[in-house]
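*Asks:* would you be able to build a 3D model of this:
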Amino acid sequence: MAPQGRRSWLGLLGRYFVLITVLGLVATSVYAAVDADTRSTVLRLAVTAFVAVVLLHIHSHFRGQLEFAPPSAFDQAKQAQSADVKVASVVVRLVEQVQGSVASERYFKTSLWPRLVQLSEQRGTRERLHELRGRPWLRRGPSLPAIAELIRRIGDEDEGNRD
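*Replies:* Sure, this is the predicted structure:
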């Protein structure tokens, strides 16, 4: 056994000896103070306390070994990176157009508005869409809620045609 390991075992045995001594002194004083009917309970409690301390020490020792052990295949699979979600390029382009339309009124008029009109015509809209106004004081396009409302109306009109 290595000197480092021998010292740790001697220290552990020394701590257990101190624990047994303290438990023995406490149990002896309580044993002398109680009635004869409860003396066996005092001895059982003292032994239970010692066994509990030993079991806690064993548990922490094995848990420490598990924490320092290399990860198993199961642990590696749990920590594996999830697959990247692939989004259709049409959706990515539409998101970019909506963001650009919010940022610039000119971009909205030249890029997103014609696309929304075409979509509305394909869906068979009965009324002509009203072009959204930008926010000229900010030199920005229509707000995101306004664009969302416009897209919702196009979808609602399609639902009305299905009935």
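*Asks:* ranges for the helices of the chain?
*Replies:* 3-33, 39-68, 73-79, 89-103, 105-107, 113-122, 144-162 (DSSP state H).
*Asks:* now do the buried residues in the second one.
*Replies:* It stands for helix 39-68. 42, 46, 50 (16 or more other C-beta atoms under 10 Å). (C-beta placed from N, C-alpha, C; glycine too.)
*Asks:* wait, the second one sits on residue 25?
*Replies:* No - counting by C-beta atoms under 8 Å, residue 46 stays clear of residue 25, with 10.2 Å between them.
*Asks:* who are the contact partners of the residue lying closest to residue 141 once chain neighbours are set aside?
*Replies:* Among residues not flanking residue 141 along the chain, residue 108 sits closest, at 3.9 Å (C-beta to C-beta, 6 or more residues apart in numbering). Counting by C-beta atoms under 8 Å, 6 or more residues apart in numbering, residue 108 makes contact with 100, 101, 102, 132, 134, 141, 142.
*Asks:* and the residues you listed, which two are the farthest apart?
*Replies:* 100 and 132 (14.2 Å; C-beta to C-beta).
*Asks:* any weak-confidence spans in this structure?
*Replies:* 1-6, 125-129, 137, 157-163 (pLDDT under 70).
*Asks:* care to break it down by domain?
*Replies:* 3-79, 89-148 (automatic domain parsing).
*Asks:* just name the most buried of those domains.
*Replies:* Looking across the domains of the chain with neighbours counted as mean count of other C-beta atoms under 10 Å, the highest average goes to domain 89-148: a mean of 14.
*Asks:* now that one: how far from the chain's centre is it?
*Replies:* 36 Å (C-alpha atoms, centre = their mean, to the nearest Å).
*Asks:* can you give me the end-to-end span of it?
*Replies:* 20 Å (C-alpha to C-alpha, to the nearest Å).
*Asks:* now stretch 105-112
*Replies:* For stretch 105-112, the end-to-end distance is 10 Å (C-alpha to C-alpha).
*Asks:* now residue 118: how far from residue 154?
*Replies:* 11 Å (C-beta to C-beta, to the nearest Å).
*Asks:* pull the contacting residues for the residue located most distally from the centre of the chain.
*Replies:* In the chain, counting by C-alpha atoms, centre = their mean, residue 36 sits farthest out from the average C-alpha position, at 57.1 Å. Listed by C-beta under 8 Å, 6+ apart, the contact set of residue 36 is empty.
*Asks:* thanks again, I'm all set now.
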